[in-house]
Each structure stands twice: as structure tokens, then as C-alpha cells.
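> model this:
(chains A, B and C)
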Amino acid sequence: MKRKITAGAMVAALALPLTLAACSGGDSGGGSDDATANADGKTLTIWDYESDDSAMGQAWAKAIEIFKQKHPGVTVKTESQTFEQIQKNAKIILTGDDVPDVMEYNKGNATAGQLASQGLLTPLTDVAKDRGWDKKVTGSIATTAQYDENGLMGSGDWYGIPNYGEYVTVYYNAAMFKKYGVAVPTTLDEFTAALAKFKAAGVTPLNPAGAEYPLGQLWYQLALTKADRSWIDDYQLFKNDVDWHGEQLTSATDTISDWTKKGYIPKNSAGLTAEDMGTSFISGKYPIMVSGSWWFGRLVNEAKFDWGQFQFPGSNFALGSSGNLWVVPQNAKNKGLAEDFIDITLSDEVQNILGQKGGLPIAGDASTITDAKTKTFTEQFQKLVSDDSLAFYPDWPVAGFYDQIVSALQSVVNGSKSTDDVLSQLQKQYESGKDDLLNG
Amino acid sequence: MATATETLPGTTPTLTDGPGERRGRDRFHRGPLRWVLLVVAVIVGLLMISPFVIMLLNAFKSPDDYSAHGPLSWPTEFYTHGLKVFWDRVDFPVKLWNSIWTSGLVAIFGVALSLLSAFAIGIGRVKGRLWIVGIFLLANMLPQEVLVYPLFRMMQNIGLNNSGWSIVLIFTVIQAAFGTYLLSSVLGTFPRALLEAASLDGANRWQILWRVVFPVVRPTLSVLLIFFFIWTWNEFFIPLVMLTTNDTQTVPIALASLQGDRMLDVPTLNAGTLVSLIPTLLFFLFFQRTLTRGITAGAVK
Amino acid sequence: MSSAPATLPPQDSTAPTTARRAARRGSGRRRWVPSTYWLYLIPGLAAFVAIIGIPFVLNIWYSLHKWRGGITKMTWVGLDNYADLMHDDQFWQSFRNSVWMIIAMVIIPTLIGLLLASLLFDYIGKHFSGRVASFLRATYYLPQILPVAVAGILWNWILNAQTGALNQILKTLGMHNPPDWLGNPSTALPSVMLVLIWIQIGYPTVIFMSALQRVDPELYEAAELDGANWWARFRAITMPQIKPETFVITLTCTIAALKVFGPIYVLTRGGPEGSTLVPSYYSYLNFFDKSKVGYGAAVATVLTVIIIVVASVIQLLQNRSARKEERGA
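Predicted structure coming up:
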């Protein structure tokens, strides 16, 4: 008996320190963002997850070089992170003390918005005005830089600074178009006719991946053919209610269903991943791929046929947004240095490198780009930006919507649910998520 | 007749009977049946490793070859550039070392901790042992999301954040929970006679643990060593949260860095996985030898 | 070693005398003073309380709040999260899939594992060589060494509807429209189960082989001398002897089946159309994608409670069986 009590006491004694450690964790790392911002140290820690040989990686390497010249006594530490690590764990890691000074982070309500509303990021509104970032980052690109207290993008303080962009386009296999006598379509009808022509010749034209983002992006693009800016604002920014059985979404869903029945979209694409879709295009099996600028570099390297891109016809809008954001954690110790670095990445010199490497800069001069494909690629984007035609992505408004859209569209391709049912299902999830977001 | 018979699979127990008579009375007749069974076992083995064959095919394939011809094609050339780039970029040797030492320590500490606790529970039959085992099992039952926030805070407050030691500490406990459960179940059926005999000989508890119990459960301990090493090696989620800089990260995190926001570098992932499998496979092969060299209760007598 | 009386271990069900048992039981209680064993438990319990116990309690605490995580404020809501959870169809539906997970991760692999272990240990090891048996065992265990993410990719290459190995083979055999294994709700779950079985088989096989090591070969010899054939020996000697391991495997595989996440995440992400949704994937969606930490904590707590209940039932059965053995019922 006595021994058991002693033993129990020993257990408690050993466990006690750790217990205290866990429980007292709540308020550690109180970030004082006032005067200490100027008491910067001698290091700048940067976290990013772009590969070194990507356009971003190369441009940022140059930015670091420039930074070192401007700040000779400062050591720059870069940590190459895993996308998943940052994406999922930022909200845990940033509560601590050991945080970077500037970090690449994903844009949107579900990611940067959440961090912002949790108070984990430093507001950069004043700095943005002082340094003129708000002149370089405008329109739809700026939408993803600002978040309100609910974490909704489009208004409020500036929390993240983008320095490049992304958008969705239509890649096509020019060799196959030539072989089957199909012209590059300029209207939606011509596009549909092109699909029919391929199908009649025995070639399935599209292969959108149903298990990941591509099918949802195609669907949204189709909705955009009937949308205007106010519809997009309603959908993305909750300005008004969205009619889930309205023309835009109904026609988009019907079209997907129709195209599957006609064989333009393979019936067995519901389980396909984006990687499968990409490799099937690169191997020359499918002539058309509707997907994003992130494929560009890979196509340049790996596609062995004559290929090109055109904007999705019949639509004033395209999917796209700013690229990933630079954010400064609230608990960062060298905020001044961080801001200098961000400024450098927005400078002409760095932006032009981004452009040349196919990284879609948001500032800089497209005419300095020498490669023809890259030039078309960049100019198409810049036109979308200047026309304010970027419409973001379908899963952005509500947290967890990505999986819902995937599931819903799989039902469409598999033919297991009607358009009405699918839209009602999505509406329910959209409304519930919106409620969660707006009402805390 | 207490011939120490080691149960090496492969040695039929030698008794005073002649070999001929022994064989004749075997469970199955010699001849075709044993070959049939061997073929069955081999087929199962082939089915189990067929996905690995595909992995091998793609580990040394260049990206354009992979995109153009798909995963099932024979590579057009032996391509190692991707692996080399990856190796340098994530500083793979550092990651390998981090994985090796953290998994190794967890395996050793975990087994030791399990043995101590299981000794008390299985042999000592402490009161309330059912509840204690149940509590230990809780470690296994909790989904990892539950643990992550509090553990992160805890590690930070004791200064172990971003250190491999946090991984060692956490996973020693988690794995030992399983180990305690398995060992205590096994020790629960430990032959009392042996314990009594040792105690009669004047051995105290500590000596009994090491001289009587330990040799008998060595096969189980080997199994635990292997499991703990491999399970810790492949742990992804908690290390992802705890280890934030490149010098402390482990192999699974490095492999995950090949998965970007939307793009995945598949051939390099295959090559990287292949390299990552080698230490775990070596560990397994080394320790499974000890599995076949266990000494049974009979021999100890 | 002094010659102890040649008592068979108590587990032997072939007629120990009651007298012997009574003597052992009586002397056992008096000789061993259980409470000093507690010292051996201290390290384990202390570590456990710190690393597992505290977070678990904290998690329950979180589940009583509405919280976005990070440094946002926590709002007390009492049991509201749990009330919401009870009405959450998706969550309860995901438990239906858990039954299939149990079949795929417990029942089938345990049976196959036992068969393979016996085959390798009793037969191949003896009739061919120990090395062959060890080599085969390594190949069976290999899937367990593979990280789940990579296993997902490999199996996607096999099961892919368009370019996968399986469908290529079926096409060459003449099938024109082979099934969309991972994209069709009716075939997705069985496909995932197949992958789970593949992953899981090595685990029981290795444990059972170590269990078979423990069995005293003298028992087999005695039985063989009595003329028992393989099946009779298996039933009378092997199976009772390896009961502890059998229970352990059943329990841990069941827990793993209830908690399974990785393979689902990499193969189907709970799809298509939610046909492979499992409880811990749902909890993960809440914790991370939706940042509803309070709700996610409630989901995790309920999941844990269910696991505890199931595990306790198995534990009780195991203990009842162990006690029966002791009493020689």
C-alpha cells in the first residue's frame, strides 16, 4: 500500500514539470510590434517553399543578393520548407518564438485569411503605403493582400504582399489541332465545335482530373462565361447572396454533364489526379488541357510537340489571382529587414527576372522577355490584370470547400446525381461555411 | 532428456529416432506438396513486392520520359540527375542521419521502457493492471491531431522545440505504449515455474528480469525493435510540426518537399523513397536474424 | 540449472493436475509481493502522463470551446460541439465505412498472416531452409516499411482507370471498359481495402512468427509421438500458445482500422462522393481545413471514446481468456 502511494508520488513528480510546461503555453511569445520593430537584429530569416530552379527561386536568389549588398552586416538565412508543413502548421508554429522574419504563404481566406484573423501576422498597411506597394499591387491582385477581422479577403489591413501571379489558361497540342484540322477557337461555340470535331475523329479532347482541382476549375471557368464582376464579388467576397441555381452555375454543371455524356470528357476521369492529367497531355494523348500557369515550366521542359495556349474563349474572366504572399509573422524579430526584402522582390530588377523565367511578375516590363512562348504567357496574364479579369478560384470562399467541389463534380461525371441535387448540396455547404466565417 | 533445442526453422528436432522414420511420419508426404506450398508462398511474395517493382522502374526515369511514356514503361535511359539534385537540395545525408538517430534511439528506449513496464504488469501482476494497460493503450488510440497542439507548446516551453530530442521523447512514449501492451500480454502467460525456480535459487527481481525473462522474450523484443524503428522512421505528422528547420528535419519531411502546392515531382520521389527504404530495410534484415535465433522456454530449463 | 520438477507450463490444456495448480497458486501469492513491482512502472507512467495524458485532457478542454486556433480567443460553449456532432450525418456515415476498414485491416490480414506465418515457420522453414523463410518474410513485411504517401502513388499507378497496370492487363485480356477503380463509388471502397490488406499483412505475419518461436517444441514432439497430424497440433497447441499475440494483433489492428487516415488521404481523399470517408479523415478536415479546432477536438474525443470502448471489449475478452488459462478451465 505504502509503496503504491510512494510510487504514485514519484510518477506525479516526474510528470509535473512537463505538465506545467504544456499548460502555461498559451501566452508565450507575446509579440510586441511597436518600437521594437526598429531594433532589428543582424539576421534575416526567410522561409519559402519554391524550388530553387523555379522562376521564383531564381528571382528571389537575386533579391537576396541585392539585399546583402544593401545590408552588409546582416546574415540571410533561408529555410527551404515543405509546402504542406507551412500550409497546415503555420497556425501552430507561428504562435511560438522561433519564427521566420518573412515567410511565403498561400493566399486566400482559408489560408492567409485565417492566420490574419488569428492575429499571427503583422499588418503591413502603413508600410505598403509608405513604400508604394499599393501602386504596384492593384486590383484583383491586391484583393488577396488584404483581410478583415474575419479573415475575409478584399478589405481591411494589408497582411500579405504578393510579387507574382498565376492564372488558368487553355493549353493545346498544336500538332494535333493541325492533324485533325481544328482551328483555335475564339468563341465558346467554336470551342464546343472543336471538341465535337476531335471526338468525331476518335480522339477524346479533354481529360480534366476529377479527383483534384482541375475539374472544378473547368467548371468554374464555364460559369465565368456567363458571369460579371458583381457575380464574382458575390461568390468570392460575400457581397450579396449567390443564386446557386442561377444561370452561371447551372449551365456550368449541365455542360460538364453534357460533355461527359458526349464523350468529350472521359467517363473514367473521376478518379484521376492532376498529375495524371498533366502526363496524359504531355504524352500527347489529349489535345486540350485547361489548367494553370504552374504547368508552364514543365511543359516547356517536357512537351515534345508543338504546343501553345489560348485564353478560354467566350469569357471575360479567367481563374487566377496573385501568387503566394510574403507575410511577416507577428512574433518576428526583424520586421524592418523583412520589409526591405519584400520591397526588393517588388523592384523592377527582380520582377524582370521573374518575367524572363516565366514566373508571371505583377510589375516589371514584359517587353524585356526574350522567349516567345514566355512572352505570350506573360502578356496574356498582364492583360487579365489590367482588365481586372481575374476571378480567383472556386474553392476559395469557404474553408474545406475544395473537397466538397471535388466530390460534387465526381457525382456529375459519374452520372450519379442530377445538376439540381449537386448544386443544392454545394449550396448547403457554401452557406454553412459562410456562416461560420462571418459569425465567428 | 533436456536437449537444448533451438527452434531454428530449418532444423528438425533431432531425437533418438532415425531420420527416415521421422520423415515418414511427417505431417505431409514429401514430394509435390512441399513444392506447391513453396510456390504459393513465393507467389504471395511476388504479389507483395510488385508495386515496388514499379517504383524501381520509375526511380531512375527522367521526368520527360515519365510524362511521355507513363509509369509502366521501361526507362529509356538510366537517369540519376533528379535524385542528385534532390539529394543536394534537401541535404539528404543530414536528413538521413536525423532519421537514423531519432528512430534508433526511440527503438532502444522504447523497448527498454516497454520491458520495464511490462515486467511489472505481466509478471508482477500489480493491482489494477488491466486499467494500467488500458491507459497505456490510450496512447495508441488517440488520433494525432489531438496531441499536436499541446505537445508543441510543451516542447517549446522546455526548450526542445525544433530538436530531434522532442521526437525521441514523444515517440519513445507512444511506441512504448504499444510495446508495453504486447509484452505484458506475452509476459502474462510466462511460465510461473521458471520464475519460482529462479526465486528459489535466490535471485531478486532485477536479476530475474535480466536472466530469466529477457532471454525468453528476445524474439518479441526484436520484433518491437524493428517495429519501433520503422514506425518512427515513417512518422510524418508530428515531426512536421516539431521540426521547423532543415538541419533537424527527417527523411519523410524531405520527401514531402517534392510535393508542391499543385505539382509533384514523381520520379524524384520514387528515387528518394528508394534511398530512404535502404536503412529501414537493412535494419529489418539485421534484426530479423535475431528473430530466428530465439531461445525457447524449454532450452532455458 | 537445477532440475525443477518437470511441470508443463500452465497453458498446456492437456490435463495438468489440480493439485499442482493449487500449489502453484497458493505459493505464488505468498511469495510475490506485487507492490514492489510498481517501481518498474514509474518511468513508463510518468512519461505517459506527460506526453499522452496531458494532451488528451487539454484536447477535451479545447472541445468545450469554440476556437479558431493560434492566438484567437476561445469561447466557452460547453457541450455544444458534441450536440452538433451527434447530428452530423457525415461523421456517423463515416463509421459505417469503419466496419469495412476493420474487415480489411483486422480480419483478413490476421487470418492471412496466421496462415503465412505457419506456412513459413512450420513448413517452409523446416522443409527448405530458414533463409528462404526469412527472405519470404521480408518480402511480406516490405509494404509496412513503405511510407504511406508513396504507397498511395504506387497503387494509383496500378489502379488508375486510364493508365493503370491493372486495367492495362484487363484490356489485353479483352475487357473493353475496365472499371474506374478509384473514381467509381462502388469500386473505390473495395480498392482501398485491397491496398490496406496489402499494407497490413506483414504486421501479423511477423508477430505471429515471433509467437511461434515461443512455443516449446517439446510440446509438438510429444503430440507428434501421440500421432497427432498438423491440424490437430495446430489447434491444440499452437493456437492456445499464441493467444496473447492474437489478442494484441486483433486489438491494435482494430484501433488502427478505426483510426486509419493515411491511405485514404493519398488514394481517394475520402471520395469519390464521400464513399471512402472515414472518421479520422473527417476530424482532420475539421481541424485543419476548416480551422474549427473546438469542433475538431470534439470529433477526435468522440472517436477516441469509441475506440476505447471497442478496445476495452477486446481487452476484457483477452483477460477473461487469460484467466481461464490460469484456472485451467
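
> quick one, helices of the stretch 101-250 of chain C?
C:108-118, C:125-127, C:130-145, C:148-159, C:165-172, C:185-200, C:202-214, C:217-225, C:230-233, C:239-241, C:243-259 (DSSP state H, counting those that start in this stretch).

> whichever helix or strand B:Trp97 is part of and chain A, any residue contact?
Applying DSSP states H and E as the criterion places B:Trp97 in helix B:92-118. No: Helix B:92-118 does not reach chain A (C-beta under 8 Å from any C-beta of the partner chain); its nearest approach is 11.6 Å. C-beta: built from backbone N, CA, C; applies to glycine.

> buried sites along the next helix or strand along the chain from that helix?
Using DSSP H and E, the helix or strand that follows helix B:92-118 in sequence is helix B:129-141. For helix B:129-141, the neighbour count (16 or more other C-beta atoms under 10 Å in any protein chain shown) marks B:Arg129, B:Ile132, B:Val133, B:Gly134, B:Ile135, B:Phe136, B:Leu137, B:Leu138, B:Ala139, B:Asn140, B:Met141 as buried.

> relative orientation of the next helix or strand after helix B:129-141 and helix C:243-259 in degrees?
The element immediately downstream of helix B:129-141 (helix or strand, assigned by DSSP H and E) is helix B:144-157. Here the directions of helix B:144-157 and helix C:243-259 differ by 90 degrees (axes from the mean of the first three to the mean of the last three C-alpha atoms, to 10 degrees).

> please name every helix or strand in contact with helix B:144-157.
If you count contacts as 3 or more C-beta pairs under 8 Å, 6 or more residues apart in numbering or on different chains; DSSP states H and E, helix B:144-157 packs onto helix A:2-23, helix A:83-93, helix B:164-187, helix B:237-242, helix C:54-63, helix C:293-327.

> rank the ones you listed by pLDDT, which is bottom?
Ranked by mean pLDDT, the helices and strands packed on helix B:144-157 bottom out at helix A:2-23, with a mean of 57.

> just the C-alpha atoms of the next helix or strand after it, please, in CSV.
Downstream of helix A:2-23, the next assigned helix or strand under DSSP H and E is strand A:43-48. This file holds the C-alpha atoms of strand A:43-48, laid out as CSV (Å, rounded to 0.1, in the frame of the first residue of the first chain):
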residue,chain,number,x,y,z
THR,A,43,19.9,38.2,-39.3
LEU,A,44,17.0,37.9,-41.7
THR,A,45,15.3,34.5,-41.7
ILE,A,46,13.3,33.7,-44.8
TRP,A,47,11.0,30.6,-45.2
ASP,A,48,9.8,29.6,-48.6
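
> list the pairing partners of strand A:43-48 within its sheet, with orientation.
Strand pairing for strand A:43-48, using DSSP bridges, gives strand A:75-80 (parallel), strand A:102-105 (parallel).

> give the rounded mean pLDDT of stretch B:136-156.
Stretch B:136-156 comes out at a mean pLDDT of 81.

> count of residues packed around the closest residue to chain B within the stretch 1-150 of chain C?
Closest contact between the stretch 1-150 of chain C and chain B, by C-beta to the nearest C-beta, is at C:Gly125 (2.3 Å). Residues contacting C:Gly125 under the criterion other C-beta atoms under 10 Å in any protein chain shown number 25.

> ok, now C:Asp80?
Neighbour tally, C:Asp80, other C-beta under 10 Å: 17.

> wait, which of the strands paired with strand A:43-48 is closest to C:Gly113?
strand A:75-80 (41.2 Å; C-beta to C-beta).

> tell me the most buried of the strands paired with strand A:43-48?
Highest mean neighbour count of the strands paired with strand A:43-48: strand A:102-105, a mean of 25 (counted as mean count of other C-beta atoms under 10 Å in any protein chain shown).

> which non-adjacent residue is nearest residue 292?
Let's take chain A. A:Val168 (4.8 Å; C-beta to C-beta, 6 or more residues apart in numbering or on different chains).

> try again with chain C
Nearest one to C:Lys292, counting by C-beta to C-beta, 6+ apart, is C:Asn286 at 5.1 Å.

> follow-up on the earlier one: what separation do you get for the residue of the stretch 1-150 of chain C closest to chain B and chain A?
Relative to chain A, C:Gly125 is positioned 42 Å away (C-beta to the nearest C-beta, to the nearest Å).

> that residue against C:Phe135, yeah?
No: C:Gly125 lies out of contact with C:Phe135 (C-beta atoms under 8 Å); the separation is 11.1 Å.

> sorry, back to before: list the helices and strands the helix holding B:Trp97 packs on?
helix B:164-187, helix B:218-233, helix B:251-256, helix B:266-291, helix C:38-48.

> tabulate those in CSV, adding columns for mean neighbour count and distance to chain A.
What follows is the helices and strands packed on helix B:92-118, written out as CSV (neighbours: other C-beta atoms under 10 Å in any protein chain shown; distance: least, C-beta to the nearest C-beta, whole Å):
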stretch, mean neighbour count, distance to chain A
helix B:164-187, 25, 9
helix B:218-233, 24, 17
helix B:251-256, 24, 5
helix B:266-291, 20, 6
helix C:38-48, 23, 3
